[in-house]
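Trainee: Sequence first, then the predicted structure:
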Amino acid sequence: MTTRKSSLPQLRMMRELIKAAPGWYLANVFLWTSIWVLPVIPALITQRYFDELGTVGFNPATLIAALLGYGAARLALMFTAMWNDVNFMFRISSTLRRNMLERIFDLPGAQSVEEASGEIISRFREDVEHVEEATSMTVDLVGTLLFGIIAASVLTSIDAQMTLLVFAPLLFMVVVAERAGTHIRRYRNAAREATERITGALGEMYGAVQSIKVAGVEKPMIEHFEKLNDERRKMMVRDKVLTATLESVFWNTLSIGTGLILILASDNLGQPGGLTIGEFALFVFFLDYVTDAGWFIGAFIARFKQAGVSFERMFALLHSDDPYLLVQKRELHLTGDMPEFATPIHDARLDLLEVEGMGFRYPGTRNGIENIDMKLERGSFTVVTGKIGAGKTTLLRSILGLVDVDAGTVRWNGEVVDEPDNFFVPPRSAYTPQVPKLFSMTLRENLRLGRNESDEELQAAIRSAALDRDVEHMPDGLETLVGPLGMRLSGGQVQRTAAARMFVRGPELLVFDDLSSALDVDTEKTLWERLFAEHAESTALVVSHRRPALQRADQIIVLDGGRVVAVGKLDELLETSSEFRDLWETEAEGNGNGDRAKTTDPLPATE
């Protein structure tokens, strides 16, 4: 992870974050400042009681009544303050999470998230909580400073030397906390990264249980997990020890200072020109609150440093140069009905899709595509083929806006598509990648994904995807749970479920990336036959090297090294393109000269 100590304006970011709930923050400042300052009232009451002990109208009953009234009022104030603080923290944490999630969705789909799932979860959870806590503590800092000013004024009027002793530990703790800031940042960062490695490893192992068992590597994986746990334990212990050491220094410093103050006060108590009993009681009363204030200031400095680390980690997730994307104010829709975020698409008909001069290179590599031109007419079936690494997947991603292309234009019915990532969505288009993703839900929920299609529409889409027989043999039909990432289904069932999810949305442009790679020949033929019969008006753009798809293609585009080396129909390319002939012969060899296909062809590597 790249740290950004010098570039992140932490204080300003916290101010911008507070703007997400300014009313709640101001109420927090008022309530918690009042809680910090209110102890001045019983302190002054206590001083007067001891200085005027025995006078008429100020007896113990009066003192007890006054303190009970004060206590009840303070409890009510604290309850209100805690309720307000919870609401404030929820709003700022929701703002952070919303901004991170929205930014991830705004980025090109194939480039948006580079971090492992464990890292992302840690940033959405622990890092948000650290920033939330530090931001909330700023209201206590205001109250602490105001209380310190008032207490210092009152005590200085009595004895300046003793007042200096009261507040000297505070200054010492501020210096210690500031000096420890570099270590706090380093240890907290190391602890967070160790936690990310643990959660990431857990996610990967849960998602690859079958591979681990087949390879017989359960023991090495457990040993690897234990090693990661040991590293995390060391980092967490180091972080906790530093925090505990600082807190110990703070409390012991205050205890020593308190003892010195009491010794000094006892020497001149009752002496001419010395402290009165009431003034001594006032000092003793303030000591406890000054001690709390001192501990809090030290803790706040430590939390502030830790929040800086969390800001850096969350900002790194945005892949942006603008840190204020993380803290900008957003509507959270906490009350009332949720608005419709998607703009309805009324005219989605595709007559002609044109791609001109498309080019993209993956950063830091020479892999990608260059100067691609192609046209797709309504109802046509176009197959993109080529060797592994030729740029087939990259071409699909570039057209759909899943990567930020370096050059090229896409036109839909002659109109330039300025934002392809937002444009190529249902019902204009739908996309199934090489390795589709399913969710730990029922088959029905995976097909709908929040939409309200009828069972008839779902069944039609299932039939189009040649999944109907599979569903008939599933134990609960559409209510069958597919398991995490669809692990209870075969590779071919996962691919056809993703295809059915496309069909149910009725898109004009169907984009498949090697859809049939895990299908046997008969199932693949059935799928393409139903596609042509039931979706004849749809335009299809397909990446495939399989013969059934190539034989049905209206247009075949052959890629090599990221460039188009041949375009045409099957018979034409077999005569004119040596590159295509090699691909055709290789496919024949892989499928037993076309008589029998493997039922589970391995998924090709993502380009």
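Mentor: That came through fine. Numbering: from 1, shown residues only.

Trainee: got the contact list for the closest residue to Pro420 other than its chain neighbours?
Mentor: Nearest residue to Pro420, sequence neighbours excluded (C-beta to C-beta, 6 or more residues apart in numbering): Gly401, at 3.0 Å. For the C-beta atoms, the positions are set from N, CA and C on the backbone; glycine is no exception. Gly401 makes contact with 108-109, 417, 419-424, according to C-beta atoms under 8 Å, 6 or more residues apart in numbering.

Trainee: With Phe147 instead?
Mentor: By C-beta under 8 Å, 6+ apart, the contact set of Phe147 is 36-37, 39-40, 289, 293.

Trainee: so which helix or strand takes in Leu376?
Mentor: In this assignment (DSSP states H and E), Leu376 forms part of strand 368-377.

Trainee: C-terminal to the worst-scoring helix or strand of the chain on mean pLDDT, what's the next element?
Mentor: None of the helices or strands of the chain scores lower by mean pLDDT, DSSP states H and E than helix 160-179, at a mean of 69. Next helix or strand after helix 160-179 toward the C-terminus (DSSP H and E): helix 181-207.

Trainee: Looking at that next one now, give me its mean pLDDT.
Mentor: Averaged across helix 181-207, the pLDDT comes to 74.

Trainee: That one: which residues count as buried?
Mentor: 184-201, 203, 205 (16 or more other C-beta atoms under 10 Å).

Trainee: what's the answer for stretch 351-360, then?
Mentor: For stretch 351-360, by 16+ other C-beta under 10 Å, it's 353-355, 358, 360.

Trainee: Among those, which are located in helices?
Mentor: If you go by DSSP state H, these have nothing in helices.

Trainee: Which members of the residues you listed occur in strands, if any?
Mentor: 353-355, 358, 360 (DSSP state E).

Trainee: closest to Ala76 among those residues?
Mentor: Set against Ala76, the nearest of those by C-beta to C-beta is Phe360 (62.7 Å).

Trainee: my read: that closest one touches Val403, true?
Mentor: Yes: at 5.6 Å, Phe360 counts as touching Val403 under the criterion of C-beta atoms under 8 Å.

Trainee: Need the residues touching each of those two.
Mentor: The contact lists of Phe360 and Val403 share 394, 397, where a contact means C-beta under 8 Å, 6+ apart.

Trainee: ok, the nearest residue to Arg444 once chain neighbours are set aside - contacts?
Mentor: Closest residue to Arg444 apart from its sequence neighbours, by C-beta to C-beta, 6+ apart: Leu478 at 4.0 Å. Leu478 is in contact with 442-444, 447, 455, 458, 471, counting by C-beta under 8 Å, 6+ apart.

Trainee: Now intersect those with the helices, please.
Mentor: 443-444, 447, 455, 458, 471.

Trainee: I'd assumed Leu317 was in contact with Ile120.
Mentor: Yes: contact criterion C-beta under 8 Å: Ile120 and Leu317 qualify, at 6.8 Å.

Trainee: Please enumerate the shared neighbours of the two.
Mentor: Common neighbours of Ile120 and Leu317 are listed as Val113 (criterion: C-beta under 8 Å, 6+ apart).

Trainee: His473: neighbouring residues, count only.
Mentor: For His473, the count of nearby residues is 8 (other C-beta atoms under 10 Å).

Trainee: I'd like the distance between it and Gln493.
Mentor: 11 Å (C-beta to C-beta, to the nearest Å).

Trainee: Am I right that Lys569 is in contact with Arg552?
Mentor: No: counting by C-beta under 8 Å, Lys569 sits too far from Arg552 to count as a contact (10.4 Å).
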